[in-house]
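> Give me the fold of what follows.
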Amino acid sequence: MNRSARIGLLVATVVGLIVAAGAVGTVGLVQVAEAMASIGWIGMASFVLWSGGVLALLGMAWVAVAPSESADRLWLFVWARTTREAATDILPFSQLGGLVVGARTLAAFGVPQPVIYASMIADLTTEMAAQLIFTLFGVGVLLLVLTHAAVQQGLVPLALGGVGAMVALMLLFVFAQRPMLKLAGTLGARLLPGSVAAMAAVREQLDAIYREPRRVIAAFLFNLAAWLASAAGAWIALWFMGSHVPLWAVLMIEALIFTLRSVAFAIPGAIGVQEAAYVLIGPLVGLPPATALALSLLKRARDVVIAVPALLVWQIGEYRRVVS
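Got it, this is the predicted structure:
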């Protein structure tokens, strides 16, 4: 990462932290702390365990589009997805940093690099497609049930803008896969020996994946199930907090939150974006700002509980491979 990129990430992180702190200050630190404490240890443990199930679904989606990888290697792809999410959630990187960590995790266990990168591309494509469906559901609910209140707060234009950005990103990602790989191979040929063969191997694996539509459909369905399960996890957390918001309402909130996080992919962990969005969207379905913000912070705490041990284990493995 060059100096300009590091400075950009630092500035984005600082601004995000200021926005998040401002949201807490506006709502009230005491109220937010009390709402967070209301989940209890059992509720927090249930929330974390449920999130482990979501990671399992994401691992299933990834292995589904990994040629030559059998189902008994599922644990490896679940672990790689866990380290990938951990790096994205708590390290000062963008989502690209998480992808690198996930790829290194698989490579350490002998998965061929062409399989890693081709399956990652296919997995990201199906994940984006599943998120688009989930987002359209959230926007549909927003328009059908909460249009008047949403327009007053400017949320409908924001949500529709997020959908438009997601569609554009997805189309760019889908249709630019092969041209970008070809371009990377051409440029790499002038800089790195063997890069043309490496890119050709990735293209070959990617073509093999798309020749098996059942694999792609399976990955899409697993990713869609993961989006829904992740949103349901927020509903479970709210239930333990004593806030019995309807499931459909939480699905709508989470769909919009995930969309805004995706659009703000350059901000590490979408810090500030997530907190502001919860405060803005939550009251539309009767969720008090303090409870909505507490949910956002509890999700951050859950990420830390899962990510810190995962990254420590991953780092120990990296160190052992270096010294061996």
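> all helices for the stretch 51-200 of the chain, in order.
For the stretch 51-200 of the chain, helices defined by DSSP state H, counting those that start in this stretch occupy the ranges 74-90, 95-108, 113-145, 147-152, 155-175, 177-191, 195-210.
> What is the first one packed up against?
Contacts of helix 74-90 with other secondary structure elements, assessed using 3 or more C-beta pairs under 8 Å, 6 or more residues apart in numbering; DSSP states H and E, are made with helix 40-64, helix 95-108, helix 289-323. In short, each C-beta sits where N, CA and C put it, glycine included.
> for the longest one, which positions count as buried?
It stands for helix 289-323. Burial within helix 289-323, assessed by neighbour count using 16 or more other C-beta atoms under 10 Å, is assigned to 289-300, 302-303, 306-307, 310-311, 314.
> could you say what helices and strands that helix packs with?
On a contact count with 3+ C-beta pairs under 8 Å, 6+ apart, helix 289-323 meets helix 3-27, helix 29-37, helix 40-64, helix 74-90, helix 95-108, helix 213-240, helix 273-281.
> Mind putting these into TSV with distance to residue 135?
Listed next are these as TSV, based on distance: least, C-beta to C-beta, whole Å:
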stretch	distance to residue 135
helix 3-27	22
helix 29-37	27
helix 40-64	17
helix 74-90	19
helix 95-108	17
helix 213-240	9
helix 273-281	13
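> I'd like to know which of these is closest to residue 127.
Closest approach to residue 127 among these (C-beta to C-beta): helix 213-240, 4.5 Å.
> which stretch in the helices of the stretch 51-200 of the chain is the model least sure about?
Among those, helix 177-191 carries the lowest mean pLDDT, a mean of 45.
> Any idea how many residues pack against the closest residue in space to residue 114 that isn't next to it in sequence?
Nearest residue to residue 114 in three dimensions, chain neighbours excluded: residue 201, at 3.8 Å (C-beta to C-beta, 6 or more residues apart in numbering). Neighbourhood size, residue 201 [other C-beta atoms under 10 Å]: 16.
> No more questions from me, cheers.
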